[in-house]
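Asker: dropping a prediction and its sequence here:
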Amino acid sequence: MATLLLLIALGAPTAGSLAIVVLRPTGLRAGRVLTVACGLATISSLVLLGWSATTDDGLVSSASWAGLDLDRAAAVLLTVVSATGLVVTSFARRSLDLDPRSRWFAIRLGILLSGSSLVVVPGGPLPLVIGWLASSWALVELVGFTGDARSAPARRRTRLALTVGDVALVAAVVLASTAGWSGLTGAEARADDGWGELAGIDITHVVAVLFVAAGVARSSLVPLHRWLVSTVVAPTPVSAIVHAGFVSGAGLLLIRFADLFTSSTIALHLAFAIGVVTVVVALGSQGTRADVKGKLAWSTVAQMGFMVLQCAAGAFSSAVVHIAGHGMYKASLFLGAGDAVSAHLRSTRRPPAAPSLSPTAGLVASGAIATAATIVGLLLITPDMTDSAVVLIAVFSWVTVASGVRGWFDRTPLRPTPAIGVAAGGALSATLIYLAGLRAFKAFLDPSFERLPGDAGVEPLVLVAVLAAVAGVALAAVAGRLPFGDRLPALVERTAHPGLAPTRSGPARPGAAPVDRPSTVGTSDSVQRALLQADVATAARVVAPLWPLTSFVAVNPLGGFERRSFDEASAIARHHLRARSHLTLDGYRQDHRRGLTTTEDLQWAIAGHLYDSGLDQPIELDGRTVDAATVVECDLLHGPDVTDDPVPVTALERREGVDGPVGALIDVTLAHSAAQHVSRSTTGAGSAAFVTRWKRDAVSVGAIGAHLDAGIVGWLDDLGDDPLGILDAAIEAVGVSNDDRTETLERHLARLPGWSGYARWRTDWAHSTETAALLSPLDLLAARTALEAAWLLSNPGEAAGGPERPASDDQPQRVAAVLAALGAADQDPAAHPELGEIIAGLPPGQRPALWLAAQERNFDRRLLSTLDRLDPGRRLETPPAQLVFCIDVRSEGLRYQLEEIGPYETLGFAGFFGIPMSVRRVDWSDAEARCPVLVAPSVSSIERPHDRPSSASTGPDRLIGDARRADSLEQVAARAKHRPGAGFVTAEAAGWLTGPLAAARTLLPRRTAATPQRPTAMVVDTQDLDRRVDLAEAVLTTMGLRERFAPLVVLCGHASANVNNPHATALDCGACAGASGEDNARAVAALLNEVEVRRGLAGRGIEIPDGTHFMPALHETVSDRVDLLDRAAAPATHRTAIDRLVDDLDRAGSRQSGRRAIHLPGRAAAVRDRGADWAQVRPEWGLARNAAFVIGPRSMTAGLDLDGRAFLHSYDAELDPEGRVLETIMTAPLIVAHWISSQYYFSTVDTEAFGAGDKLIHNVVGNVGVISGEHGDLRVGLPLQSTHCGPDRHHQPIRLVAVIQAPLDRIEGIIQRNSILGTLTVGKWLRIVGRSHPHERWSTRSPRGTWSAEPRPLDAIYAQEHP
Amino acid sequence: MNHPQLTTMARIDVIIDGEHIPTVRDLLLEAGAKGYTTLYGLSGFGHSGPHEGRPLFNDRNTLALLICVVPTQQVDTIVTGIRQLLDEHHGVVFVSETQVSRADYF
């Protein structure tokens, strides 16, 4: 039985992998197979643990042929590895649900888990070696998950380090085996067994040192400490399992061979020294990382160092507790790493603390309390361990408690006496619980370690001396008293960021000949400076502004080129941004097969092209006449695709090519500098701080410094800190002509679109109250041009030359493909010049444009066919309730379902409800904008206690109290986690809590919670009644709701409740600048319910009946649940209507989520709860598939299922004779929708350049954005999972069409009056369709501004429907 | 008009798309201007036709006027920079002489 259980516990994951190889299940099923296998392994481990607990010696032995012997320590670790494996596989199954690599992934994950388990269980040499090597192999494979240049260096680094460990382990095992080790528990490996000598050295020492070496590699200890941080390029679940079990290899070996290890003083002291150095290096490195995963990885390295220290101190049972506790702790932190942005937002929103103790008093009190708690704790519960172990425990638990208490004093809202009382009680309780836990574990694990001598491990005096020395050095370093202290930070940073090393070996500096230093002085001529500044401003449009992820705002990535046509901007994207502007021809052909275009659509697009080009003459081929259209169609359907090679623009690119290694290194280094600047600089830090940062990073941190001449480094230094001067000197040094200047600057920025976009946001779009560090495109340009110049000057050479523009010579292949498709007798392209002429008339870049036009034509035809019916006009009767939803495409389906259920009337309006406001809740520290980014907030809304009586336990005071309590507890946790030395005990102890919680969170599905009712009122904060009436009138007029008020009018904002998602705000309301519309709905509803406001409105012709109540609501888009808010403020007379509405909304939400389930994987019933699932990378589809913006009365679209593809804005032309409302709609909501549509378009056609790539490898940096993997530029746009369904596109990339029911001359007038609309339509960024009256046919507006009624087949359909 | 209590300075009026106002602002500040005034939502008629947009919720895509008063010696710098910008964007710049009562404000 024991054998069977052991085999299942160890082998089930690999058996799962094998089953996946053999049965080849689909993605989700592959994950399920592995999850079931890991579930079996976990159950077996738990049974074995129970079994081991009930035997006196703690041993559970397998049959002798299996050679496995489980003791209690191994049973605990095996259970933790198996359970973590189960959690991670279950998590990964959902994270990778549509990923084409999920099977590949599951196979390797299974092998990794079995391998890691085998290493834990004592047995003969063979299982150990097999487990060790198999897990190494699997990990290296998984690190290479992305399979591209991004993961290649990490894979290489990991493989190298692990190979060292593999070789050491195999050597140790071979040596021990030859020396007579049978290797069950390691007990016989004691030194006094006399194994003999090797080259005069006791083999015991050799084997023990080899095991230490193997452990060093596996646990990423100094000197092989740099590989672990590289592995963050692997998907999050891989990191979780690596940090939870795999990386503890050193501890596992030392525990397993404790007898051997403690008897070899060489190995013991070597491990001790390595442990100490690792702790110091890793803690220093951790502090320099601006990315969440990098920080976690270095924290793990420090923890591994501590684990080795525990073993070296003879605290083996503590080491077991640490490995298990830290493993669970770190796995949960990695799995939850996506929460960083939301956590940052929550934390910064909390009201500022007003600590009652001064910082010095807090410091003294925390030290005293921690000392007292440690002494009392040790007196009450003495750990039954070696003296060294007790010292280690005492020191680090003191550090942890002191740090936590310090955090408490920083933030606690309590007065001094109770604050100290709570701190003392908490500190003592925590210490006692920790010590009691350790003691209990020690007693439980005694059978595994009782054979060891009582004084095993390094001497207590040595330990104390070393710890004191380390603490002294650390304090001296912090105080800046170290002799080499000024170089230390850069050195540590360099160690901490292995990704800044060259990805490929850059060209070495030829010789050491000093080079001439160019001028360091940029022009001081103010006119020249102004010209340069203007060029910088012009160049900056090459990148779109990038908002921080705390409020995602969709933008057109080519918005800077909107003044040009879409086709011109596309060409710029291809040549300058190194990005695709359309799908590949294959992509369009796939869509053609899927029915997204018909032959007729294609012919329509081709006809337009032939008309424009004049090449519409038929040709003769083999005696038959072939239309030019047929030739082009063959080319579109069968011609070979071409990709544009990027054109070198900067001087460095001309030298080494666009993708050369030095340029890449400069990009990586600058991205690092920007991240450090933004995440560490103090409020308001600007150019000078950034200049200091990048100079230091380039010379001392990034590998670029190794390639710079010493004189040129001096030149860089002397450039000063004025970015305009630096830029001028740098482009002067490499000789950029004025004519090329803008284009050159554009390319420099385009190489770092993420940080350049962030800089554009910070400079051009951020509110004046923004506190984030300053960064401008000029700052980045100065840095990048200076570094290129520095390298070029240090490494003189010639440009590679070659053509300026890549020659496109695909013509013969295209002609050949057409000839083949036409079945021509003579297939020689040269023999068909007329055909060649037609092909030449269609440049390669133009073919995707024709496909795109055809797809849009297809969509328009379908949409207009659906909309081409008589609009029955407004209903006369008043509905029981009117519900105003956001125009967001996600509202469309819900509105349709609700209207199907009851006689409700719905309206569509921008979700900020027409008042550009900032809002401040009672428990927030600052106000936040809640309006489209095109406009600045003009009023503020604040939350205040509502007029009804409330007690302290239910009123706003409770919210503030909750926020303060959360804040102080969070600070306690943060200090106890992050203060140097404090994290060890925290991880060891907290893991036993966070591990099971993470398991519950992963394995037990959660429900999406209802939006809580807040015990407050949200009110527009102005005493000026006229102003309030103005606002109310503007809202109702723009909404088209000036009469026919229903008894209940619901203003329904929307938000997406999803967790663990850095891109969460991308799913929120775009009209509220990437935030929830809840507060706007509450403020506007409250305004419209005010008696005085209604009186004022009546004076302006808007009579709101007394019986009408405005009610706010929130549409949660993951679950399609609508929660009515401020229900307590509703009059009792409306209760029945509200109850009925609640029921109907619930039914509508269920139906709508059922419809959405078609497009999402997994069980349909679980669709509504995806937001609560932390493993989901695709909680909902957001606005994917958006394609149309419909402006007209709801009667025009009511009862039509538009499949969630249309923004619906209510508009009644009769109520707006002057066209003011329509102008507002077309110049704000339509523009925002165009941005959203463009963001989806470009993120879909190029998921790497315009999209944010795969979410699985995202790593939050500086709380502002994500990077992919360990380093690199901020990612822009939408993640792959927002636009794609596995390898297939979910979003159809077509440009937005606006369908407007309003007099055509009114539409035309608005387009003429507003140049932005003229620009967008002429440039084909936006299509306009309109009809003046409900009974007319739709007319399309050509880019040139002529309207033409849609011809057949609409006529045919019309005749059919309206005979 | 040369009032003894007034100082002669240059007034620069820039009319440009609202979205470019931050750029013009940076140019002025870099050149030494100490303040400016902006006005969004302009209408009128000019070289590229009518500009009558009155969008309610869009400050970025309307014409905006930026008024700035600077010592005359700064004019050359500012105008050169703005001219360079206007090569790429629609807009006009007017420079005129003006009198101010508190020269140290500018």
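Answerer: Thanks, I have the structure now.
Asker: for chain B, which residues are neighbours of chain A?
Answerer: Residues of chain B found near chain A (Cβ under 8 Å from any Cβ of the partner chain) are B:17, B:19-20, B:22-23, B:26-27, B:30-32, B:43, B:48-62, B:74, B:76-78, B:80-82, B:84-85, B:87-90. Yep, even glycine has a C-beta here, placed from its N, CA and C like the rest.
Asker: from the stretch 551-700 of chain A, which residue is nearest to chain B?
Answerer: Closest residue of the stretch 551-700 of chain A to chain B, Cβ to the nearest Cβ: A:Arg563 (7.6 Å).
Asker: which one is that residue nearest to, not counting chain neighbours?
Answerer: A:Thr1319 (5.7 Å; Cβ to Cβ, 6 or more residues apart in numbering or on different chains).
Asker: for that neighbour, list the residues it contacts.
Answerer: For A:Thr1319, the contacting residues are A:562-563, A:1325, by Cβ atoms under 8 Å, 6 or more residues apart in numbering or on different chains.
Asker: for the residue of the stretch 551-700 of chain A closest to chain B, identify the helix or strand it belongs to.
Answerer: Under the criterion DSSP states H and E, no helix or strand holds A:Arg563.
Asker: same question for B:Val93.
Answerer: Using DSSP H and E, B:Val93 sits within strand B:91-100.
Asker: ok so, going back, contacting residues for the residue of the stretch 551-700 of chain A closest to chain B?
Answerer: A:1319, A:1323, B:89.
Asker: present these as CSV; the columns should include secondary structure.
Answerer: Shown next, in CSV, are those (DSSP: H, G, I helix; E, B strand; the rest coil):
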residue, secondary structure
A:Thr1319, helix
A:Gly1323, coil
B:His89, coil
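Asker: ok, these vs A:Ala365, which is closest?
Answerer: Among those, B:His89 lies closest to A:Ala365 (Cβ to Cβ), at 60.9 Å.
Asker: how many neighbours does the closest residue to chain A within chain B have?
Answerer: Per Cβ to the nearest Cβ, B:Gly81 is where chain B lies closest to chain A, at 3.1 Å. Counted by other Cβ atoms under 10 Å in any protein chain shown, the residues lying close to B:Gly81 total 28.
Asker: do the one 4 residues further on as well
Answerer: Using other Cβ under 10 Å as the criterion, B:Leu85 is surrounded by 24 other residues.
Asker: buried set for whichever strand or helix holds it?
Answerer: Under the criterion of DSSP H and E, B:Leu85 resides in helix B:75-86. Residues B:75, B:77-82, B:84-86 are the ones in helix B:75-86 that count as buried (16 or more other Cβ atoms under 10 Å in any protein chain shown).
Asker: surely A:Leu934 and B:Thr62 touch.
Answerer: No: counting by Cβ atoms under 8 Å, A:Leu934 does not reach B:Thr62; the two are 9.8 Å apart.
Asker: right, and B:Ala31 touches B:Gly81 too?
Answerer: Yes: here B:Ala31 reaches B:Gly81: they are 7.0 Å apart, a contact under Cβ under 8 Å.
Asker: spit out the residues that contact these two alike.
Answerer: Contacts common to B:Ala31 and B:Gly81, judged by Cβ under 8 Å, 6+ apart, are A:Ala530.
Asker: give me phi/psi at B:Ile15?
Answerer: phi -110, psi 120 (degrees, to the nearest 10).
Asker: scratch that, A:Ala1188 is what I was asking about
Answerer: According to degrees, to the nearest 10, A:Ala1188 has phi -140, psi 150.
Asker: show me which residues of the stretch 801-950 of chain A sit near chain B.
Answerer: A:910, A:914, A:916, A:931-932, A:934-936.
Asker: can you turn the buried part of the residues you listed into a PyMOL selection?
Answerer: A single PyMOL command is used to select the members of those judged buried by 16+ other Cβ under 10 Å:
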select buried, chain A and resi 910+914+916+931+932+934+935
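Asker: which residue packs closest to the closest residue to chain B within chain A, ignoring adjacent ones?
Answerer: Residue nearest to chain B within chain A: A:Ala530 (3.1 Å; Cβ to the nearest Cβ). Once flanking residues are discounted, A:Ala530 sits nearest to B:Gly81: 3.1 Å by Cβ to Cβ, 6+ apart.
Asker: which residues are in contact with the residue of chain B closest to chain A?
Answerer: A:527, A:530-531, A:533-534, B:27, B:31.
Asker: where along the stretch 51-200 of chain A do the helices fall?
Answerer: Taking DSSP state H, counting those that start in this stretch to define them, one finds helices in the stretch 51-200 of chain A at A:72-95, A:102-120, A:125-143, A:152-178.
Asker: columns distance to A:Arg895 on top of those, output as a markdown table?
Answerer: Shown next, in a markdown table, are the helices of the stretch 51-200 of chain A (distance: least, Cβ to Cβ, whole Å):
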| stretch | distance to A:Arg895 |
| --- | --- |
| helix A:72-95 | 30 |
| helix A:102-120 | 36 |
| helix A:125-143 | 45 |
| helix A:152-178 | 48 |
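Asker: so which of those helices is nearest A:Ala1010?
Answerer: Comparing the helices of the stretch 51-200 of chain A by Cβ to Cβ, helix A:72-95 comes nearest, at 23.5 Å.
Asker: helices and strands around the closest one, which ones?
Answerer: Identification of packing neighbours for helix A:72-95 by 3 or more Cβ pairs under 8 Å, 6 or more residues apart in numbering or on different chains; DSSP states H and E yields helix A:2-23, helix A:27-54, helix A:102-120, helix A:236-244, helix A:249-256, helix A:316-335, helix A:416-449, helix A:983-1003.
Asker: can you redo those helices as CSV with distance to A:Gly1101, mean pLDDT and mean neighbour count?
Answerer: CSV is the format used below for the helices and strands packed on helix A:72-95 (distance: least, Cβ to Cβ, whole Å; pLDDT from 0 to 100; neighbours: other Cβ atoms under 10 Å in any protein chain shown):
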stretch, distance to A:Gly1101, mean pLDDT, mean neighbour count
helix A:2-23, 70, 92, 20
helix A:27-54, 59, 92, 21
helix A:102-120, 61, 93, 27
helix A:236-244, 58, 93, 28
helix A:249-256, 79, 92, 28
helix A:316-335, 58, 95, 28
helix A:416-449, 60, 93, 18
helix A:983-1003, 55, 94, 21
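Asker: can I get those in CSV including distance to A:Val1049?
Answerer: As requested, the helices and strands packed on helix A:72-95 are arranged in CSV below (distance: least, Cβ to Cβ, whole Å):
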stretch, distance to A:Val1049
helix A:2-23, 55
helix A:27-54, 44
helix A:102-120, 47
helix A:236-244, 45
helix A:249-256, 64
helix A:316-335, 43
helix A:416-449, 48
helix A:983-1003, 39
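Asker: tell me which of the ones you listed lies nearest to A:Ser219.
Answerer: helix A:249-256 (3.7 Å).
Asker: rounded mean pLDDT for stretch A:1054-1067, please.
Answerer: Across stretch A:1054-1067, pLDDT averages out at 95.
Asker: that stretch spans what distance, first to last residue?
Answerer: Length of stretch A:1054-1067, first residue to last, Cα to Cα, to the nearest Å: 10 Å.
Asker: got the angle between the host helix or strand of A:Thr400 and helix A:416-449?
Answerer: Assigned by DSSP H and E, A:Thr400 falls within helix A:387-411. For helix A:387-411 against helix A:416-449, the angle by axes from the mean of the first three to the mean of the last three Cα atoms, to 10 degrees is 150 degrees.
Asker: now helix A:387-411: mean pLDDT?
Answerer: On average, helix A:387-411 scores 92.
Asker: how big is the angle separating that helix from helix A:983-1003?
Answerer: Using the same axes, to 10 degrees: helix A:387-411 against helix A:983-1003 is 70 degrees.
Asker: and helix A:387-411, what does it pack against?
Answerer: Counting by 3+ Cβ pairs under 8 Å, 6+ apart, helix A:387-411 packs on helix A:292-312, helix A:316-335, helix A:359-380, helix A:416-449, helix A:460-478, helix A:956-978, helix A:983-1003.
Asker: kindly report the domain assignment for chain A.
Answerer: Using automatic domain parsing, the domain ranges for chain A come out as A:1-136, A:353-496+A:969-1003, A:577-644+A:808-864, A:649-804.
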